[in-house]
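> just the structure for this:
(one chain, ligands or ions: 1)
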Amino acid sequence: IPVVPFVLVVFGATGDLARRKLLPAMFHRDMAGQLPEAAKIIGAARGKLTADAFIALARESIIEHVPAEERSEADVERFIARLDYRAVEADDDGGWQELAQALASYRERVNVFYLATGPALFGPICERLGRFGMAHGNARVVVEKPIGKNLESAKELNAAIGKVFPEDRVYRIDHYLGKEAVQNLMALRFANGLFEPLWDAAHIDHVQITVAESLGVEGRAGYYDTAGALRDMVQNHILQLLCLVAMEPPARLDADAVRDEKLKVLRALKPIADALSTQAVVRGQYRAGASAGGAVRGYLDELGAETSTTETFVALKAEVQNWRWAGVPFYLRTGKRMPERVSDIVITFRPPPHSVFDASAGPIEANKLVIRLQPDEGVKLWLMTKDPGPGGMRLRSVPLDMSFANAFQVRNPDAYERLVLDVVRGNQTLFMRRDEVEAAWTWIEPILEAWSNAAELPKPYTAGTWGPSAAVALIERDGRTWLDGG
Ligand code: BG6
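Predicted coordinates for the structure are as follows:
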């Protein structure tokens, strides 16, 4: 179903996010017939590019990021005919009047301003959108993390945006919420009667959330060294996943009902009192090692520095202090240069209260629900079964296995395809509200503060391993183990 006519203005249009994600995402939606005839995309950036040069750059991005078998020349031509370019300065008024004029005839349409820039420009761009008359009732603004470095800077950014755009026209992207398998979490929990009665401390032993990447910091060491894994992944993506697992069922699937429930989870997170104790938090930094079959450099080497306190891995034990989850640990971990790229949510249920089997049947393993977010999205429910054969009762854990690729055999759309169109549709359900972002920072901040005052550095781990041994100890101390690779 095509969305309403819109104009999308992408600030930072020549940057990495625009080229790698936004333009290819819009191209895919165009091919799917979802962009109305009149939809326009205007790139805006500092460079004095001509429209033709921008269009050439956009064409290259499509060719580079959309596989040849998924596009035809005619598709590319149709898409680039929608594009235009305006040079604007971010820190003075250069080009803004011209941009406002270019948009004057589109005022009746939805106007989406996508700030694919660093956060330092969010305030100045919003201020000019307001001053040059572009923040009218049909205008929406889209921003992406990092929304601040800590609570205070997040509040400042939110206030600067909020001066110009009311909250119901601000879309804060967390691209994890646009992933198919993440949205499926809501379907799994709330469209099946099976799980919800068991979804609590009486039936669940613990939850693990792992977001592992095999890549290092690639060309982003400059940004990454100011962020680290806690800010880059936990404050946003991982806490959002935790919220979707732990939240109460919303009354309806509308934006505020869902976000109200997520906010309650964030506010119920038990503050981590002693972030320097490896009982609660472990931070690591990769050293040289091997990944995907080849030797790779260590983080400091990539950064070109002698020393850095930035963590490329973090493991935490979180607790949601409410009626449903009292006493159930949520073990969270994420890292760069892990053995593989894999993101899983694992719900481990409590074992049966009593075994009717002899010792010869073997141990009874707890049931586990493994939600694989990427790659090979799917759901596995591990159940105990009898090993086939006449040899008596022997028990074995075997998965009921649902792979999305086998079940649906359709292309899995990228998160941005869904999210940008949701902005046009005016649906904020998959976007973070201001109070959510601030509540997430409130929980993260004491950890950052403890680290910034600490004498010791992140613990080293060899690239291509699952992080420092202290991260294994963090969970094994409680008599549990990480489920590497699901
Ligand atoms: C981004 C982080 O938000 O998410 C990156 O800044 C990280 O450091 C990326 O690599 C991971 O996203 P995905 O979709 O590849 O899991």
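> which residues of the stretch 151-300 of the chain fall in helices?
With DSSP state H, counting those that start in this stretch, the ranges of helices along the stretch 151-300 of the chain come out as 151-162, 180-190, 221-227, 229, 239-246, 255-268, 299-303.
> which one, of those helices, ends up nearest to Pro124?
helix 151-162 (8.4 Å; C-beta to C-beta). Glycine gets a C-beta too; all of them are placed from N, C-alpha and C.
> so for stretch 454-472, first residue to last residue, what's the gap.
22 Å (C-alpha to C-alpha, to the nearest Å).
> deepest of the helices of the stretch 151-300 of the chain, which one?
Mean neighbour count (mean count of other C-beta atoms under 10 Å) peaks for helix 229 among those, with a mean of 26.
> show me what that one is packed up against.
With contacts taken as 3 or more C-beta pairs under 8 Å, 6 or more residues apart in numbering; DSSP states H and E, helix 229 sits against no other helix or strand.
> 10 Å instead?
Counting contacts by 3 or more C-beta pairs under 10 Å, 6 or more residues apart in numbering; DSSP states H and E, helix 229 is packed against strand 281-287, strand 313-319, strand 329-335.
> which positions in the helix or strand containing Ala473 come out as buried?
Per DSSP states H and E: Ala473 is located in helix 469-476. Within helix 469-476, the residues that count as buried by 16 or more other C-beta atoms under 10 Å are Ala470, Ala471, Val472, Leu474, Ile475.
> now do stretch 435-455
Result for stretch 435-455 [16+ other C-beta under 10 Å]: buried residues 435-445, 447-448, 450-451.
> ok, back up a step: from the buried residues of helix 469-476, pick the one nearest Val142.
Ala471 (34.9 Å).
> so what's the closest residue in space to the closest one that isn't next to it in sequence bridging to?
Residue nearest to Ala471 in three dimensions, not counting chain neighbours: Ala315, with 3.9 Å by C-beta to C-beta, 6 or more residues apart in numbering. Taking DSSP bridges, one finds Val282, Arg333 as the beta-bridge partners of Ala315.
> Ala315 and Leu474 touch, don't they?
Yes: using C-beta atoms under 10 Å, Ala315 makes contact with Leu474 at a distance of 5.4 Å.
> quick one, longest helix in the protein?
helix 434-452 (DSSP state H).
> dump that one to CSV, restricted to CA.
Taking Å, rounded to 0.1, in the frame of the first residue of the first chain, the C-alpha atoms of helix 434-452 are listed here in CSV:
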residue,chain,number,x,y,z
ARG,A,434,12.2,11.4,25.1
ASP,A,435,11.5,10.1,28.6
GLU,A,436,12.7,6.6,27.5
VAL,A,437,16.0,7.8,26.2
GLU,A,438,16.5,9.8,29.4
ALA,A,439,15.5,6.9,31.7
ALA,A,440,18.0,4.7,29.8
TRP,A,441,20.8,7.2,30.5
THR,A,442,19.8,7.4,34.1
TRP,A,443,20.5,3.7,34.5
ILE,A,444,23.7,3.8,32.4
GLU,A,445,25.3,6.9,33.9
PRO,A,446,26.5,5.6,37.3
ILE,A,447,28.4,2.9,35.4
LEU,A,448,30.1,5.5,33.2
GLU,A,449,30.9,7.6,36.2
ALA,A,450,32.4,4.7,38.1
TRP,A,451,34.6,3.8,35.1
SER,A,452,35.7,7.3,34.5
